[in-house]
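Asks: Sequence first, predicted model second:
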Amino acid sequence: MKLEFDVKVTEKDLYSFNIEQAYKGSQGVISLLFAVLLAAAAMLSAQKGNTEYVVLYIIVGILVLLYVPFSLKGRVKMIMKTNEVFSKPLHFEIDEKNSQGEEMAQLPWEQVYRFVANDKRILIFSNRKNAYILSKEQLGDSYEPLKELAGSTLEKYRLKIK
């Protein structure tokens with residue numbers, strides 16, 4: 001079976017992917033833990049009657065929580081403007097042997113690190129951090145056949161299909 005489709009990665013798709021990766025990694029986990037510690041410090045300060053510290057801890061906690069999403073939003077905007085790959089749709093041809101894009105970059109199924117499919121998109125990871133982002137909307141009728149092809153081609157531990 002051979003599938004062909006065009007996908008244009010949108011700013012929303014790239015941002016969602018980056019947010020997911022950030023909060024699965026150390027940066028996101030540390031920022032969440034730090035925000036929890038600041039909330040605990042604010043409660044302890046409130047019990048002691050130090051309202052200045054309560055306000056300070058709450059403000060710093062909010063800044064810590066907002067830093068990752070806002071910094072990623074800015075980074076994604078810059079990438080979308082400067083990287084030519086995101087300026088036009090990418091053409092994919094996928095079969096039992098491999099997948100390849102318009103620039104003839106081939107990714108044999110044996111080299112697929114992980115294949116993740118959910119209700120919004122398919123992510124085909126070439127390594128731990130980099131993935132092809134394929135929106136379900138843009139894939140249209142190719143969405144289900146692509147999931148089936150990956151399911152029959154890849155080892156089960158490389159698949160995460162919801």
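Replies: Received the coordinates, thanks.
Asks: Point out where the chain drops to low pLDDT.
Replies: Applying pLDDT under 70 to the chain flags the ranges 97-105.
Asks: Please enumerate the strands of it.
Replies: Residue ranges of the strands in the chain, as given by DSSP state E, are 3-7, 90-94, 98-101, 106-108, 114-117, 121-125, 131-135, 159-161.
Asks: what about residue 55, how many neighbours?
Replies: Residues within reach of residue 55, counting by other C-beta atoms under 10 Å, total 12. Yep, even glycine has a C-beta here, placed from its N, CA and C like the rest.
Asks: cool, and residue 59?
Replies: Neighbour tally, residue 59, other C-beta under 10 Å: 12.
Asks: Could you do the one 5 residues further on as well?
Replies: The local packing count at residue 64 equals 18, with neighbours defined by other C-beta under 10 Å.
Asks: Surely residue 134 touches residue 7?
Replies: Yes. The pair residue 134 / residue 7 is scored as a contact, 5.3 Å apart, by C-beta atoms under 8 Å.
Asks: who touches both of those two?
Replies: Common contacts of residue 134 and residue 7 (C-beta atoms under 8 Å, 6 or more residues apart in numbering): residue 92.
Asks: Now render the strands of the chain as JSON lines, adding mean neighbour count and distance to residue 51.
Replies: As requested, the strands of the chain are arranged in JSON lines below (neighbours: other C-beta atoms under 10 Å; distance: least, C-beta to C-beta, whole Å):
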{"stretch": "strand 3-7", "mean neighbour count": "16", "distance to residue 51": "53"}
{"stretch": "strand 90-94", "mean neighbour count": "18", "distance to residue 51": "55"}
{"stretch": "strand 98-101", "mean neighbour count": "18", "distance to residue 51": "58"}
{"stretch": "strand 106-108", "mean neighbour count": "13", "distance to residue 51": "57"}
{"stretch": "strand 114-117", "mean neighbour count": "20", "distance to residue 51": "46"}
{"stretch": "strand 121-125", "mean neighbour count": "20", "distance to residue 51": "46"}
{"stretch": "strand 131-135", "mean neighbour count": "20", "distance to residue 51": "46"}
{"stretch": "strand 159-161", "mean neighbour count": "14", "distance to residue 51": "47"}
